[in-house]
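K.L.:
any chance you could fold what I've pasted below:
(2 chains)
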Amino acid sequence: MGRKPKINQNQPKKNTNNSESFKKADNKIVAQKQPKEITRLRGMRDILPDEYRYGDYVVSVAERICRAYGFAKTEIPALEQVSLYERSTGKQTDVVSKEMYAFVDKDNERVALRPEATPGLVRSYIEHGLFNLPAQPVRLLWTGSLFRREKPQAGRYRQFSQVDVEMFGEASPVADAQLITMGYLILKELGIAAAVQINSIGDAADRDEYAKKLVEYFKDRKVRVLLSVDDKKRLLKNPLRVLDSKDEGTQKALAGAPQMIDHISDEARQHFVKVLEYLDEFDIPYTLNPFLVRGLDYYNRTVFEFCPEGEDGSSQGTLIGGGRYDGLVEFMGGRPTPALGWALGVDRVVLKLKEKAPQSAGPAMDAPDIFLAQLGDAAKRKAMVFFEELRVKGYRVAQNFVKDNLKTQLEQANKLGVKLTLILGQKEIMDNTILIRDMESGMQEVFDFAKVYEEIDKRLK
RNA sequence: GUGGCCAUAGUUUAACGGUAGAACAGCGGGUUGUGGUCCCGCUAGCGAGGGUUCAACUCCCUCUGGUCACCCCA
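P.N.:
Below you'll find the model as predicted:
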């Protein structure tokens, strides 16, 4: 919050305005540039260790569960051709048309920082012929940063992280249900109360047909007057988006509107019913939301969103969002390949995690059990060797060989919350012994150095 | 991108149109090779620029950043 310190390029701290001129070697007077503050760019942030552990924890839980379901970690470029996103995400979408960091590179190529992971993963799938992989369907797992030039807000940065899963080559509704299950399990393990909303938007043809019906419906003066200005625009640009409008008038107007579910093909409906059956089987609670549509062009059939309980989603509350995109691989130049996926917004999940469990045990720092303190040069040398030995044997040990006095070292040991502090000094070196101090009781005893492992094992139990 | 609210040490904050106060953190002490609790000291701040005024951290404007709603999305 608030101001962050600025890095002033000039040494004297107070005199910021010393834009003096100075003489160069050739005696020409050159105006010195105003010292510019170097700060973070808007919507960008540094994630410091204390904060980082939350995201780290979320990612580790998500990745572990995804791996268990057969997904394998993948990396893709942060920079791609602009046309990749224009074609897949959709040239008309806000993500591509307004929010993408796109520029012309030196070799005259239009490139963009990835605003989404799915297009890159689809491109990668096609480009490497992953449909030839022995293990089908192909299950890809990706974690990383994405870039969107939006107006920043809490849980919404211009560089943000997602965990993405994508499954290629599987048309069965089991796949839909499994993916939703994975999302459910991740949030559950993180202790976040979230509910999944689900809908089917049918196939591309159904959508077009339905969109026409919707436009038709709103031609009626009586319902049209209820629409907000925004929604009238939407009706022209992307009629389906009117469905999840937050506007009260629009919601009233929708009361008598044709339902999407009545306008999707029998196949798509069958598929949807199956998905729901499997979810029932897995005992995953869900809410049918006939107004759920998603903003990206490529979705078809099943779409879903996990929102924190008590929040009716659709805003920036969405924790996980995804769906099917059976047509995308072919549209992008690959073979016809059914596919689906979701994305988890790491920053938003972290926000919820901190809300629910500010100091939960999960995202704790790597807490050491032992602190190794040293006094005197000879002891330091021995301690350095000993420390490495402890590390290799798997003990979680902290140290500060840079500080020489014992007081400081014990202070640090205390702050780290270790159970034991081992103390090596001149005396101990001479006697070939070591001190073991129990940090809670403050009791300490001398032990034969040879017995140190035996003793710490006993005490760490 | 549109609109509202906000901006004080590293962090959380107090006050006032008249010299910015605290807590926590950090650093150093309370004699030597012993932490936590306690005591003392030190470091450190009005986001930037302009205006009004004898005087601005305080009032006004602009910018920057944050935040909330909309838009959009994870």
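
K.L.:
all contacts plus neighbour counts: C-alpha atoms, from now on.
P.N.:
Noted.

K.L.:
can you tell me the closest non-neighbouring residue to residue A:99?
P.N.:
Leaving aside its chain neighbours, residue A:99 sits nearest to residue A:149 (4.5 Å; criterion: Cα to Cα, 6 or more residues apart in numbering).

K.L.:
correct me if wrong, but the one you found is in a helix.
P.N.:
No - under DSSP: H, G, I helix; E, B strand; the rest coil, residue A:149 sits outside any helix and is assigned coil.

K.L.:
what distance do you get for it to residue A:78?
P.N.:
Counting by Cα to Cα, to the nearest Å, the gap from residue A:149 to residue A:78 is 15 Å.

K.L.:
try residue A:65
P.N.:
Distance from residue A:65 to residue A:78, by Cα to Cα: 25 Å.

K.L.:
what about the strands in the stretch 1-150 of chain A?
P.N.:
Secondary structure of the stretch 1-150 of chain A (DSSP state E, counting those that start in this stretch): strands at A:21-23, A:29-31, A:72-73, A:79-81, A:102-104, A:110-113, A:138-147.

K.L.:
looking at those strands, spot the one closest to residue A:168.
P.N.:
Between residue A:168 and these, the shortest separation by Cα to Cα is 5.1 Å, and it involves strand A:138-147.

K.L.:
what's in contact with that closest one?
P.N.:
For strand A:138-147, contacts defined as Cα atoms under 8 Å, 6 or more residues apart in numbering pick out A:59, A:63, A:66-67, A:70-75, A:78, A:100-101, A:113-117, A:121, A:130-131, A:158-169.

K.L.:
parallel or antiparallel, list what pairs with it.
P.N.:
Looking at strand A:138-147 with DSSP bridges, its partner strands are strand A:72-73 (parallel), strand A:159-168 (antiparallel).

K.L.:
which one of those strands has the most crowded surroundings?
P.N.:
With neighbours taken as mean count of other Cα atoms under 10 Å, these reach their highest mean count in strand A:159-168, at a mean of 23.

K.L.:
and that strand, how far out from the chain middle?
P.N.:
Put simply, strand A:159-168 sits 8 Å off its chain's centre (Cα atoms, centre = their mean, to the nearest Å).

K.L.:
in contact with residue A:191, which residues?
P.N.:
A:353, A:356.

K.L.:
can you report phi and psi for it?
P.N.:
Taking degrees, to the nearest 10, you get phi 80, psi 30 for the backbone angles of residue A:191.

K.L.:
the lengthiest helix in chain A versus strand A:138-147: what angle between them?
P.N.:
When chain A is parsed with DSSP state H, its longest helix is helix A:49-68. Put simply, helix A:49-68 runs at 160 degrees to strand A:138-147, going by axes from the mean of the first three to the mean of the last three Cα atoms, to 10 degrees.

K.L.:
which of the residues in helix A:49-68 are buried?
P.N.:
A:53, A:54, A:55, A:57, A:58, A:59, A:61, A:62, A:63, A:65, A:66 (16 or more other Cα atoms under 10 Å).

K.L.:
now that helix, how far from the centre of its chain.
P.N.:
For helix A:49-68, the distance to the chain centre is 9 Å (Cα atoms, centre = their mean).

K.L.:
do the same with stretch A:88-95
P.N.:
That offset, for stretch A:88-95, works out to 21 Å (Cα atoms, centre = their mean).

K.L.:
that stretch: end-to-end distance?
P.N.:
End-to-end for stretch A:88-95, by Cα to Cα: 11 Å.

K.L.:
what does the stretch 351-461 of chain A put close to RNA strand B?
P.N.:
A:375, A:405-408, A:410-415, A:417, A:423-428, A:435, A:437-443 (Cα under 7 Å from any atom of the strand).

K.L.:
among the buried residues of helix A:49-68, which two are most distant?
P.N.:
Across these (Cα to Cα), the longest gap, 19.7 Å, separates A:53 and A:66.

K.L.:
and the gap between residue A:239 and RNA strand B?
P.N.:
10 Å (Cα to the nearest atom of the strand, to the nearest Å).

K.L.:
that residue touches residue A:213, doesn't it?
P.N.:
No - assessed by Cα atoms under 8 Å, residue A:239 is found out of contact with residue A:213, at 9.8 Å.

K.L.:
tell me where the stretch 201-350 of chain A has strands.
P.N.:
A:286-288, A:300-308, A:320-324, A:339-345.

K.L.:
helix or strand for residue A:422, which one?
P.N.:
When secondary structure is defined by DSSP states H and E, residue A:422 falls within strand A:420-424.

K.L.:
okay, buried residues for the helix or strand following that strand please.
P.N.:
The helix or strand immediately downstream of strand A:420-424 is helix A:426-431, counting by DSSP H and E. Neighbour-count burial for helix A:426-431 flags A:428, A:429 (criterion: 16+ other Cα under 10 Å).

K.L.:
what pLDDT, on average, does helix A:426-431 get?
P.N.:
Throughout helix A:426-431, pLDDT has a mean value of 93.

K.L.:
contacting residues around that helix?
P.N.:
Residues contacting helix A:426-431 (Cα under 8 Å, 6+ apart): A:375, A:376, A:378, A:379, A:434, A:435.

K.L.:
break chain A into its domains for me.
P.N.:
A:49-203+A:264-356, A:370-460 (automatic domain parsing).

K.L.:
of those domains, flag the one that's most buried.
P.N.:
Most buried among the domains of chain A, counting by mean count of other Cα under 10 Å: domain A:49-203+A:264-356, with a mean of 19.

K.L.:
run the chain-centre distance for it.
P.N.:
Worked out by Cα atoms, centre = their mean, domain A:49-203+A:264-356 lies 11 Å from the chain centre.

K.L.:
for the record, mean pLDDT for that domain?
P.N.:
93.

K.L.:
would you mind telling me which of the strands of the stretch 1-150 of chain A is nearest RNA strand B?
P.N.:
strand A:138-147 (8.2 Å; Cα to the nearest atom of the strand).

K.L.:
quick one, that closest one and strand A:339-345 angle?
P.N.:
Using the same axes, to 10 degrees: strand A:138-147 against strand A:339-345 is 40 degrees.

K.L.:
anything in strand A:138-147 near RNA strand B?
P.N.:
No - shown here: strand A:138-147 not in contact with RNA strand B (Cα under 7 Å from any atom of the strand), separated by at least 8.2 Å.
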